[in-house]
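Participant: Fold the stuff below for me.
(one chain, ligands or ions: 1)
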Amino acid sequence: MAKVLVCYYSRSGHTKKMAEEIAAVIGQEGLSVDLKDVKELEAKELLNYQGIVIGSPTYYGTMAWPVKKLLDESVRFHGKLKGRVGGAFASSANIGGGNETTILDILNALLIHGMVIQGDSAGDHYGPVSIGKPDERSLKCCRSHARNLSKLVQRLFA
Ligand SMILES: Cc1cc2nc3c(=O)[nH]c(=O)nc-3n(C[C@H](O)[C@H](O)[C@H](O)COP(=O)(O)O)c2cc1C
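Facilitator: Numbering: from 1, shown residues only. Prediction:
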């Protein structure tokens, strides 16, 4: 069975709540899913998954350093994640506070790994975002992102 990792960094719980919502739906879609704090994750573990979704709070318009550290350490496996499915999500304090740039910075790294990224024409286009504590709009986007990603993983790795 294809395996998906949902990993996140979160200080006040907003990004974690999004991660939990995404992981729950991936499980409901019939995939094996692990939910992990990036601080408890070694870069080499990324190789165990066909799908990898990474979440971060927005810090000065980009990802928090524990997420960047994970990505920088993943250079040891450069090329080995080619063709796997990626996704990203982010929380910020403000509208226009940089949550989309945070997502795009994470996706940038995943694309450089050669991973496959699906956008969303209807929901949050680059990946789910929340302003502070995720509200129902944000959680809906988390669920839709999780369903789209699960379907893509199933299509590519069934
Ligand atoms: C060091 C630092 C930098 C931040 N920079 C931004 C920022 O650039 N834009 C923004 O809207 N919020 C910023 N925030 C607020 C967090 O992104 C926001 O509170 C987020 O919801 C926290 O997510 P968490 O509960 O998962 O830790 C910053 C917070 C910290 C601690």
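Participant: from the middle of its chain, how far away would the longest helix seen in the chain be?
Facilitator: Looking across the chain with DSSP state H, the single longest helix is helix 136-157. Counting by CA atoms, centre = their mean, to the nearest Å, helix 136-157 is centred 11 Å from the centre of its parent chain.
Participant: Output the contacting helices and strands for it.
Facilitator: The contact analysis (3 or more CB pairs under 8 Å, 6 or more residues apart in numbering; DSSP states H and E) places helix 136-157 against strand 3-8, helix 14-28, strand 51-59, strand 85-92, strand 129-131. Just so you know, the C-beta spots here come from the backbone N, C-alpha and C atoms, and that holds for glycine as well.
Participant: Take these and write them to TSV, including distance to the ligand, mean neighbour count and mean pLDDT.
Facilitator: Listed next are the helices and strands packed on helix 136-157 as TSV, based on distance: least, CB to the nearest ligand atom, whole Å; neighbours: other CB atoms under 10 Å; pLDDT from 0 to 100:
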stretch	distance to the ligand	mean neighbour count	mean pLDDT
strand 3-8	7	25	98
helix 14-28	3	22	98
strand 51-59	3	26	98
strand 85-92	3	28	98
strand 129-131	7	23	98
